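K.L.:
Build me a model:
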Amino acid sequence: MSDLTIATTTSGSLPRTPALVAATAALELADDGFTLIQTDEYRELAAAAVVDLVRRQVDAGITLVGDGEYGKAMTAAHDFGAWWSYSFQRTAGLALPPADAAPPAPVRSTPGDIRLTTMQDRRDWVRFAEAYFDPTSGVLMGEPPFWPMAVGPLSYRGHDAIAADVAHLRAGLDAAGLDTGFLTSLAPGSAARIGNTYFASEEEHIWAWADVMREEYRAIVEAGLIVQIDDPSLAESWDQINPEPSVADYRAFLRTRIDAINHAIAGLPRDQVRIHVCWGSWHGPHTTDLELRHIVDLVAEIDAAEISFEAGNVRHEHEWKVWRDVSLPAGTRLLPGVVSHATNVVEHPDLVADRIVRFAEIVGPENVIASTDCGLGGRVHPQIAWAKLESLGEGARRAAALLDG
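P.N.:
Presented below is the predicted three-dimensional model:
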């Protein structure tokens with residue numbers, strides 16, 4: 001029996017129970033058109049669901065658990081995706097565009113002037129348009145909804161909501177005999193990927209979001225939990241810039257986003273902060289994804305003790321070698337995805353172990369926390385998601401035996 005252990009975690013979203021899905025769908029919208037009015041009955045259901053979710057994670061072999069993003073309810077009328085849309089419900093200064101507003105037109109960038117285009121104009125979506133909009137292909141996106149936009153000064157109004165998230169996870173941790181877990185929170189750069197009619201520049205918009213989200217980050221760490229800052233915009237935005245920019249221009253485009261994160265986490269305990277980077281969790285070819293090597297040094301500049309990233313996704317699995325050449329601050333832990341949201345195939349525990357060993361041999365087993373690539377909730381069937389987590393837990397045990405042998 002090995003004395004070595006490999007820690008395990010997830011990267012956020014986990015499948016909701018049918019009861020929680022139904023209860024969420026039944027919630028009413030506030031007058032703003034995008035904020036869900038949560039009832040006491042709903043909160044009680046969510047609290048019980050999180051306690052059970054923590055137990056199921058522990059049973060599957062997950063050692064650093066989360067709340068599965070159960071507190072981030074999706075709006076039924078506007079399917080934004082809970083990981084992102086929850087921030088709109090917790091932020092003042094936003095409004096939906098008029099119902100009869102025309103969809104935004106595609107934007108074309110020029111050297112030195114990098115701008116995000118519309119979702120439909122993503123280069124991968126254009127290249128594989130037939131697949132993306134064919135409901136029989138399994139690569140389905142469909143037309144995006146209208147999103148809120150910044151129409152005035154932004155301020156955080158989610159104090160009760162984040163307090164409920166903390167309380168629900170704390171109850172689950174206490175029931176399982178665990179000391180800590182993690183909650184996800186949106187990065188400023190990802191939050192700012194909405195329309196703006198108020199701020200004078202994109203940079204001003206991003207920095208406003210940094211001050212908003214800092215309040216949520218602080219509430220999480222002050223509760224003794226780890227905050228996972230979700231920022232797919234660092235890698236994913238590359239595909240949303242037309243035409244393809246130079247790497248130098250894109251790195252300059254990321255500078256404000258990196259600086260805004262560090263501003264928002266300034267003064268917070270580094271070992272309670274993790275950053276999650278991905279290329280977007282939708283099912284698709286991802287042929288225009290940016291290579292990790294072009295931005296990994298910028299990600300390492302973020303003052304977080306843990307870096308979560310896709311490493312099991314077959315489009316990016318080969319990039320594990322990039323970490324050989326990265327200079328990481330002392331005490332930094334890598335959270336590679338070793339089971340993927342991008343396939344219904346359940347990874348064999350021996351494959352999971354092999355993936356873990358690769359990283360352990362680079363940074364040491366004590367600096368590896370085996371994880372999922374991205375959120376499993378909504379991307380694979382719940383039965384498959386839980387089978388993947390069980391394979392993750394067993395693979396970590398097998399990796400420990402290999403490394404200790």
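
K.L.:
any low-confidence regions in this protein?
P.N.:
1-2, 74-81, 135-146 (pLDDT under 70).

K.L.:
what pairs with the residue nearest the centre of it across the strands?
P.N.:
Nearest to the mean C-alpha position of the chain, by Cα atoms, centre = their mean, lies residue 230 at 4.0 Å. The bridge-partner assignment for residue 230, based on DSSP bridges, gives residue 186, residue 276.

K.L.:
Give the full set of residues in contact with it.
P.N.:
With contact set as Cβ atoms under 8 Å, 6 or more residues apart in numbering, residue 230 has these partners: 12, 83, 184, 185, 186, 187, 190, 276. All C-beta spots, glycine's among them, are computed from the backbone N, C-alpha and C.

K.L.:
do you know how far it is from residue 186?
P.N.:
Distance, residue 230 to residue 186, by Cβ to Cβ, to the nearest Å: 6 Å.

K.L.:
Same question for residue 370.
P.N.:
24 Å.

K.L.:
more crowded one of these two?
P.N.:
Taking other Cβ atoms under 10 Å, residue 370 and residue 186 do not tie; residue 370 has more neighbours (30 against 27).

K.L.:
thinking the more buried one is in contact with residue 397, fair?
P.N.:
No - in terms of Cβ atoms under 8 Å, residue 370 does not count as a neighbour of residue 397; the distance is 10.3 Å.

K.L.:
And for residue 155, the neighbour number?
P.N.:
Per other Cβ under 10 Å, the neighbour tally for residue 155 reads 12.

K.L.:
now do the one 10 residues further on
P.N.:
By other Cβ under 10 Å, the residues close to residue 165 number 27.

K.L.:
Equivalent analysis for residue 41, please.
P.N.:
Using other Cβ under 10 Å, residue 41 is surrounded by 10 other residues.

K.L.:
Which strand or helix spans the residue nearest to residue 220 when sequence neighbours are not counted?
P.N.:
Excluding the flanking residues, the one nearest residue 220 by Cβ to Cβ, 6 or more residues apart in numbering is residue 227, at 4.2 Å. In the assignment (DSSP states H and E), residue 227 maps to strand 226-230.

K.L.:
How far off centre is that strand?
P.N.:
The chain centroid and the centroid of strand 226-230 are separated by 8 Å under Cα atoms, centre = their mean, to the nearest Å.

K.L.:
Can you name the element that comes right after it?
P.N.:
Per DSSP H and E, the first helix or strand lying C-terminal to strand 226-230 is helix 233-236.

K.L.:
Quick check: which helices or strands does that next one pack against?
P.N.:
helix 188-191, helix 247-265 (3 or more Cβ pairs under 8 Å, 6 or more residues apart in numbering; DSSP states H and E).

K.L.:
what sits against residue 82?
P.N.:
When contacts are counted by Cβ under 8 Å, 6+ apart, residue 82 is found next to 13, 69, 72, 73, 74.

K.L.:
From residue 65, how far off is it?
P.N.:
Taking Cβ to Cβ as the measure, residue 82 falls 18 Å from residue 65.

K.L.:
what does residue 193 give?
P.N.:
From residue 193 to residue 65 the distance is 29 Å (Cβ to Cβ).

K.L.:
Between the two, point out the one with more neighbours.
P.N.:
Applying other Cβ under 10 Å to residue 193 and residue 65 shows that residue 65 carries more neighbours, namely 26 against 20.

K.L.:
show me where the stretch 1-150 of the chain has helices.
P.N.:
Under the criterion DSSP state H, counting those that start in this stretch, the stretch 1-150 of the chain contains helices at 18-25, 40-60, 82-89, 123-127, 129-132.

K.L.:
wait, which of the ones you listed is closest to residue 112?
P.N.:
If you check each of the helices of the stretch 1-150 of the chain against residue 112 by Cβ to Cβ, helix 123-127 wins as the nearest, at 19.4 Å.

K.L.:
re the thing from before, looking at the contacts of residue 82, which has the most residues close by?
P.N.:
Counting by other Cβ under 10 Å, top hit in the contacts of residue 82: residue 13 with 27 neighbours.

K.L.:
and that residue, what is it in contact with?
P.N.:
Residue 13 makes contact with 68, 69, 82, 83, 184, 374, 375, 376, 377, 378, 379 under the criterion Cβ under 8 Å, 6+ apart.

K.L.:
Select from those residues the one having the most neighbours.
P.N.:
residue 374 (30 neighbours).

K.L.:
returning to that earlier point: what residues do residue 370 and residue 397 have in common as contacts?
P.N.:
Shared contacts of residue 370 and residue 397 (Cβ under 8 Å, 6+ apart): residue 6.

K.L.:
what's the first-to-last distance across stretch 103-118?
P.N.:
With Cα to Cα, to the nearest Å as the measure, stretch 103-118 spans 9 Å from end to end.

K.L.:
now it: how far from the chain's centre is it?
P.N.:
From the chain centre to the centre of stretch 103-118 is a distance of 24 Å (Cα atoms, centre = their mean).

K.L.:
what does it contact?
P.N.:
Residues from elsewhere that reach stretch 103-118 (Cβ under 8 Å, 6+ apart): 120-121, 144, 193, 195, 202, 237, 240-243, 245-246, 249-250, 252-253.

K.L.:
same deal with stretch 384-393?
P.N.:
Taking Cβ under 8 Å, 6+ apart as the rule, stretch 384-393 contacts 8, 10, 14-15, 56-57, 60-62, 338-340, 344, 346-349, 352, 370-372, 376-377, 379-380.

K.L.:
Apply 6 Å and report the result again.
P.N.:
With contact meaning Cβ atoms under 6 Å, 6 or more residues apart in numbering, stretch 384-393 is reached by 8, 15, 60, 61, 339, 344, 346, 347, 349, 352, 376.

K.L.:
Going by distance to residue 280, which of these wins?
P.N.:
Nearest to residue 280 out of the contacts of stretch 384-393 is residue 376 (Cβ to Cβ; 14.7 Å).
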